[in-house]
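A.B. asks: Build me a structure from this.
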Amino acid sequence: MGEESTRGKGGSDKPKIHHIQHNSKKDAREAAGHAGQGKPIHDSTGSKSGHYHPTDKNNEKIKHGQQGGTHYDYGPKEKNK
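C.D. replies: Okay, here's the model as predicted:
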């Protein structure tokens, strides 16, 4: 599992994580589920890849900062991330 940041620096000058790549759709779904309290929201690119967003107890997407929440990606890595 790799990490890629598009959100700048967080505490201790470590990058804020916006995209976390997973080996399978199942792994991405499970990780998003563990990160939230509800059923993960799925976004697909239609090209055998996509991502999940964690949700709160009301099944609303968890939003962090100005760019929204973390993406739990799967499939071929997109070039413009």
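A.B. asks: How about the contacts made by Thr70?
C.D. replies: 17-20, 35, 53-54, 64 (Cβ atoms under 8 Å, 6 or more residues apart in numbering). C-beta here means a position set from N, CA and C on the backbone, and glycine is covered the same way.
A.B. asks: Mind doing that once more with 10 Å?
C.D. replies: Thr70 sits next to 7, 16-20, 31-32, 35-36, 51-54, 62, 64 when contact means Cβ atoms under 10 Å, 6 or more residues apart in numbering.
A.B. asks: Which member of the residues you listed is positioned nearest Pro76?
C.D. replies: Pro76 has its nearest neighbour among the contacts of Thr70 in His51, at 12.2 Å by Cβ to Cβ.
A.B. asks: Can you give the contact residues for the helix or strand containing the closest one?
C.D. replies: Remark: His51 resides in strand 50-53, with elements defined by DSSP states H and E. Outside of strand 50-53, the residues within contact range by Cβ under 10 Å, 6+ apart are 19-22, 25, 27-33, 35-36, 39-45, 60-63, 68-75, 78.
A.B. asks: Inside helices: which ones of those?
C.D. replies: Using DSSP state H, the members of these that fall within helices are 25, 27-33, 35.
A.B. asks: Give me the buried subset of the residues you listed.
C.D. replies: Buried members of the ones in helices among the contacts of strand 50-53, counted by 16 or more other Cβ atoms under 10 Å: 25, 27-29, 31-33, 35.
A.B. asks: Output the below-cut-off pLDDT ranges for the chain.
C.D. replies: Along the chain, the model assigns pLDDT under 70 to residues 1-16, 64-68, 78-81.
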